[in-house]
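Q: Quick one, what's the 3D model for this:
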Amino acid sequence: MYHWDFRCVWTYRDALWSALLVTVELNLLVIVIGSLLGLVLALVRRSHLRTLRWTAVIYIDLFRTLPVLVLLIWFFFCVPVLLGGIGLSPMFCAVTVLSLNLSVFTAEIVRAGIEGVPALHVESAQGCGLSRTKTFRYVILPIAVRDMVPPLVGQYINSIKWFTD
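A: Sure, this is the predicted structure:
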C-alpha cells in the first residue's frame, strides 16, 4: 500500500499558498464583474428598444457558444496583435474572458428568473395600485431572486472549476 509523503507539500508550501491566493483573487473578481455585467445584459435584453435588445441577444448567443479555452487563447495572443502589440497580463486576460463568459450565463439566469414570475402576481400588484417600480421591487424581485439563487450558485461553481482544472 502506498503512503503519501507530505514532505513535498511542505517543501512547496509557499508556492501553494501563493497559488491559493491568486485563485481566490481571480474567483472573486470574476464573480463580481461577471455578475454585474450579467445583470446589465439581462436588463438590456429585456429592453423595449429593438437595437439594444438584439445587440444583447447576439452578444449572449455568441459568447455562450464559444469555448472558454478558445477565448482565452485568442484574447491572450491575438488581441495584443490587433491592438498594435500592447502587452496584456495573463491575470487581466483571465479576468476579462472568464467574466465575459460568466456574464452571459448570468444574464440568461436573471432574465429567466424575471420572466418566470407568474403574470397573475404582476397583474394583482398593478390592480392594487402599485407603480411599475414598486411592482418590480416588492413583487417581481423577491420571487425572481428566490428562483435565481440555485442556478446562479451552480454557475458560480462552474466558474470556480475553471481555475482548479
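Q: which element is Val95 on?
A: If you go by DSSP states H and E, Val95 is part of helix 90-115.
Q: Now the element after that helix, going C-ward?
A: Past helix 90-115, the next helix or strand by DSSP H and E is helix 119-127.
Q: ok now that next one, how far from the chain's centre?
A: With Cα atoms, centre = their mean, to the nearest Å as the basis, helix 119-127 stands 30 Å off its chain's centre.
Q: CA atoms only for the helix or strand that comes right after that helix - export them in CSV, please.
A: As assigned by DSSP H and E, the chain's next helix or strand after helix 119-127 is helix 132-135. In CSV, the C-alpha atoms belonging to helix 132-135 read as follows (Å, rounded to 0.1, in the frame of the first residue of the first chain):
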residue,chain,number,x,y,z
ARG,A,132,-44.2,49.6,-12.1
THR,A,133,-41.2,50.3,-9.9
LYS,A,134,-42.9,49.2,-6.7
THR,A,135,-44.3,46.1,-8.5
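Q: Show me what helix 132-135 is packed up against.
A: Judged by 3 or more Cβ pairs under 8 Å, 6 or more residues apart in numbering; DSSP states H and E, helix 132-135 is in contact with helix 119-127. No exception for glycine: its C-beta is placed from N, CA and C like everyone else's.
Q: Show me where the protein has its helices.
A: Per DSSP state H, the chain carries helices over the ranges 7-11, 13-45, 50-65, 68-73, 79-82, 90-115, 119-127, 132-135, 141-164.
Q: show me the contacts for the residue nearest the centre of the chain.
A: Note on the chain: the residue nearest the mean C-alpha position is Leu102, at 2.6 Å, using Cα atoms, centre = their mean. Listed by Cβ atoms under 8 Å, 6 or more residues apart in numbering, the contact set of Leu102 reads Val30, Ile31, Gly34, Ser35, Gly38, Gln155, Tyr156, Ser159.
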